[in-house]
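>>> I need the structure of the sequence given here:
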Amino acid sequence: MALTLSSIGLSSAEELCSIPPYSYTGAKQSHPELTTAIETLENYAIASWFTDRQSTDERSTTISDMLSQCSEDTRLSVVVYGIPNKDCAAGLSSEGSVKSTDDYKAFLQELTDAVGDRKVLYVVEPDALGLLTQDGGCGASAGYLDNLKVAVAALSANANAELYVDIGYWMLAYPDSASKVATAMKDIGSSGRVKGVTINTSNYRSNDECADYCTNFQTAMGSTDMKCIVDTSRNYNGSPTSDWCNVPTAGIGKPPTSETGISNIDYFMWIKPPGERREQGMSKIGDGSGTPAGTAYPTSSSTGSSSQSSTDQTPPSPTPTTDNSSWNQEQTAGTVAPADTTPATQETATPSMAPVPESTAPSTSIPVTMTPSTTEPVTEVLVVPSQIACKAKKRLRSRN
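All right, here's what the predicted structure looks like:
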């Protein structure tokens, strides 16, 4: 189904800018009939991941092409994912070149030297704060607190940088866990300039629900100075609290923008590329649960119906840094949220079980174009699931 844009009119919202994810190139090769739909998604600022799971050359290419393709009045959107011992709970994303704090400092300097004083929004280390503050979490022994402070100090050196530390939404569901997050954030924030937290990364909670979680965070902080970013890449329809992995009723939510209409939400972002699925836990590329992330499959229905498909493909250059990774496709059914339609808030129970850490760097991007944040597609997008279900793994819990 061919998709069109109703307009390209830009508003007063600050434009985010990035480059399309590499996985979309493979998706278009495997499904040429969906090229128009996928290219519609490429018109949006899907955050680019700067990760130690890429080679130095791949990271350099990603940032240099962002700098050359994004005008200086836009704000680059970058996910920083290279903390030593990352993904310490599931271990599915732990590979990478950064093994120590000294390695991490060099990794961060590589980024900050390349970005210079350009306007940039950094999403700092998905999963790390949750694994640090959760009861029984492995982040404390893995050195996450000190290394998050190292990251904040390094990234804050650019006066034009905005920093948001990622936190799993479930850690903001209860006063006691939110208090632990606040304590850590005050400590981390003392090392630099942190504007708030990102929530819902690679997850399905509605915007209204995320706004409530942000209120809980601000209450725990005792201040409204810090605000939140919501990953809307798959949250249009929300989801039951018990269903968190490759949800079959999911939909692509509001496009990236700073005009959220919610006082404590600074941005809607697509942190995880829309259409990429979570890995099965067998490959080293992808998210903490499900088969490897790396393909996005828009199609053409809002009914929740879908077709099944599975392909293996060799990624084009530049390739991911991890070898022997399958590229089976899978994702969820849904729609792109219309420009002037607020999705109905689904009634959801307070989560008692947290998903497996959810955020792994998408594959290396092939630069295409600067992607504005303020244009919205009109027609619907549905993505194609496979039969592979998420493997049950040990969940992190937000309460004892």
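
>>> list the contacts of D166.
By CB atoms under 8 Å, 6 or more residues apart in numbering, D166 lies in contact with 123-130, 197-199, 201, 359. Heads up, the C-betas are built off the backbone N, CA and C, glycines and all.

>>> hmm, try it at 7 Å
Residues touching D166, when contacts are defined by CB atoms under 7 Å, 6 or more residues apart in numbering, comprise 123-127, 129, 197-198, 201, 359.

>>> select only the buried ones of those in PyMOL?
Of those, the buried ones go into a single PyMOL selection, burial set by 16 or more other CB atoms under 10 Å:
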select buried, resi 123+124+125+126+127+129+197+198+201+359
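
>>> quick one: the helices in this protein, in order.
With DSSP state H applied, the chain shows helices at 22-30, 35-41, 56-69, 101-115, 128-133, 144-155, 175-189, 207-221, listed in chain order.

>>> how about the CA coordinates for the last one, as PDB?
Looking back up the chat, that one is helix 207-221. Taking C-alpha atoms only, helix 207-221 is exported to PDB below (Å, rounded to 0.1, in the frame of the first residue of the first chain):
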ATOM      1  CA  ASN A 207       1.500   8.600  26.400                       C
ATOM      2  CA  ASP A 208      -0.900   9.400  29.200                       C
ATOM      3  CA  GLU A 209       0.400   6.500  31.300                       C
ATOM      4  CA  CYS A 210       4.000   7.600  30.700                       C
ATOM      5  CA  ALA A 211       3.000  11.200  31.700                       C
ATOM      6  CA  ASP A 212       1.800   9.700  35.000                       C
ATOM      7  CA  TYR A 213       5.100   7.800  35.500                       C
ATOM      8  CA  CYS A 214       6.900  11.100  34.800                       C
ATOM      9  CA  THR A 215       4.800  12.800  37.500                       C
ATOM     10  CA  ASN A 216       5.900  10.000  39.900                       C
ATOM     11  CA  PHE A 217       9.500  10.700  39.000                       C
ATOM     12  CA  GLN A 218       9.100  14.400  39.600                       C
ATOM     13  CA  THR A 219       7.400  13.800  42.900                       C
ATOM     14  CA  ALA A 220      10.200  11.500  44.000                       C
ATOM     15  CA  MET A 221      12.800  14.200  42.900                       C
END
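
>>> related to what we said a few turns ago, got CSV for the contacts of D166, with distance to R75 and pLDDT too?
Below are these laid out as CSV (distance: CB to CB, whole Å; pLDDT from 0 to 100):
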residue, distance to R75, pLDDT
V123, 12, 99
V124, 15, 99
E125, 19, 98
P126, 19, 97
D127, 24, 94
L129, 22, 98
V197, 18, 99
T198, 15, 99
T201, 18, 95
S359, 20, 49
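
>>> name the nearest of the contacts of D166 relative to T61.
Here the nearest of these to T61, counting by CB to CB, is V123; it sits at 19.9 Å.

>>> I figured that closest one hits V197, correct?
No. Using CB atoms under 7 Å as the test, V123 is too far from V197 to be in contact (9.6 Å).

>>> overlap of the contact sets of those two?
Counting by CB under 7 Å, 6+ apart, the contacts common to V123 and V197 are 164, 166.

>>> returning to what we had before: what's the farthest-apart pair in the contacts of D166?
The widest separation within the contacts of D166, taken as CB to CB, falls between V197 and S359 and amounts to 13.2 Å.

>>> out of the contacts of D166, who's nearest L155?
Distances from L155 to these, taken by CB to CB, are shortest for V124, at 7.0 Å.

>>> what's the pLDDT at the spatially closest residue to the closest one that is not a sequence neighbour?
Once its chain neighbours are removed from consideration, V124 has its nearest residue in V165; the separation is 4.6 Å (CB to CB, 6 or more residues apart in numbering). Predicted confidence (pLDDT) at V165: the value is 99.

>>> for burial, what's the neighbour tally of V165?
The number of residues packed around V165, counting by other CB atoms under 10 Å, is 27.

>>> do the one 4 residues further on as well
A total of 30 residues lie near Y169 under the criterion other CB under 10 Å.
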